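S.K.: this one's structure only:
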Ligand SMILES: CSC[C@@H](O)[C@@H](O)C(=O)COP(=O)(O)O
């Protein structure tokens, strides 16, 4: 997809007894691979956003379950199963919005139940969980590639494409969701001019998207979030594409705070607004966006992010990490199985029925 020297960075590497994790909080200044040995360390890494992005959170949690299963020191499979269940329940409290976390933990728990029901030994059951976590990671890589394949025909040579936050290789197993068509376009000689929103307050766009696209040799220009309208009004943007943390059954989309404003701006400028979403991010059990739990994070992220105080001490702060874009602003949702357009309720249900 990219030349060898331009391979997207891999943020999660499983090493049998540990999970190696790129500390995304330190990018782009420092590339540090953490070594995690316990589910508690994985929980903390998700919570503090050392690993972030919906698919990557799910993958990390799956490996967290493996670390927990390996550490079980009892002898009975029933005890092992209870232990795995409590590890899953704990990891599920690390962040609330990205549904991939719960999707991956459900999948791991199902595998644990199957192993126990099949009468596998403790060692065999733990091996089965390890295989499942690796499969979740491998599948995500293929899913992202397929999202890129489906999205690419929506983009033409010379187009300006705006993205928000980081739905890139760092947020997934590889390639990203919103960035997958950018990597594919580059491979096929299609020039896209990417605009990356800086993405207040944690700056995933500036620190991560600008970094990984620049590393890959993709034409990227960094914008402060409040510049998007101006850039659209100049006619420099022909499409917006973002990732998502959870798509509700009616097609409402939760994504990084600021996505909703961008969707409204895109509509005002007649620019298509695309959402790249694996099926694992679509949650048919949540009827609409107002039911998606939205994480609120510490005030310090806004008042003194990155160590510099930028607001008066004691000021009231509202810091939701995500917002919900109502489905009427969404032109299409691009999945690994194809492109879904309105009416989303019916078309998402049909897509899941076809891909059971
Ligand atoms: C493919 S990643 C999709 C989303 O998870 C991404 O756009 C996003 O909002 C990430 O938020 P973050 O708070 O950095 O985890």
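M.R.: Looks like it arrived, so ask away. Keep in mind it's a predicted model, so treat the numbers as computed, not measured. Numbers count the residues shown, from 1 in each chain.
S.K.: For the ligand, what's its nearest residue on the chain.
M.R.: Nearest residue of the chain to the ligand (C-beta to the nearest ligand atom) works out as residue 243 at 2.8 Å. C-beta: built from backbone N, CA, C; applies to glycine.
S.K.: For burial, what's the neighbour tally of that residue?
M.R.: For residue 243, the number of neighbouring residues by other C-beta atoms under 10 Å comes to 31.
S.K.: Ramachandran coordinates for it?
M.R.: In terms of degrees, to the nearest 10, the main-chain angles of residue 243 are phi -90, psi -170.
S.K.: ok, now which ones touch residue 252?
M.R.: Going by C-beta atoms under 8 Å, 6 or more residues apart in numbering, residue 252 touches 288, 289, 290, 292, 324, 325, 326, 327.
S.K.: thinking again about what came up before, does the residue of the chain closest to the ligand really touch residue 276, like I thought?
M.R.: Yes - Residue 243 is in contact with residue 276 according to C-beta atoms under 8 Å; the separation is 5.6 Å.
S.K.: OK, contacts around residue 120?
M.R.: Residues near residue 120 by C-beta under 8 Å, 6+ apart: 77, 128.
S.K.: Spell out which residues of the protein are next to the ligand.
M.R.: 52-55, 98, 165, 167, 171-172, 176-177, 204, 243-245, 255-256, 321 (C-beta under 6 Å from any ligand atom).
S.K.: which non-adjacent residue is nearest the residue of the chain closest to the ligand?
M.R.: Leaving aside its sequence neighbours, residue 243 sits nearest to residue 167 (C-beta to C-beta, 6 or more residues apart in numbering; 2.5 Å).
S.K.: what does residue 278 give?
M.R.: Once flanking residues are discounted, residue 278 sits nearest to residue 143: 4.7 Å by C-beta to C-beta, 6+ apart.
S.K.: helix/strand/coil for that neighbour?
M.R.: helix (DSSP: H, G, I helix; E, B strand; the rest coil).
S.K.: Can you give me the neighbour number for residue 349?
M.R.: 13.
S.K.: For it, identify the helix or strand it belongs to.
M.R.: helix 344-354 (DSSP states H and E).
S.K.: mind listing what's buried in that helix?
M.R.: For helix 344-354, a neighbour-count test (16 or more other C-beta atoms under 10 Å) marks 344, 345, 347, 348, 351 as buried.
S.K.: Where do the helices of the stretch 251-356 of the chain begin and end?
M.R.: Here the stretch 251-356 of the chain has its helices, by DSSP state H, counting those that start in this stretch, at 259-268, 300-303, 344-354.
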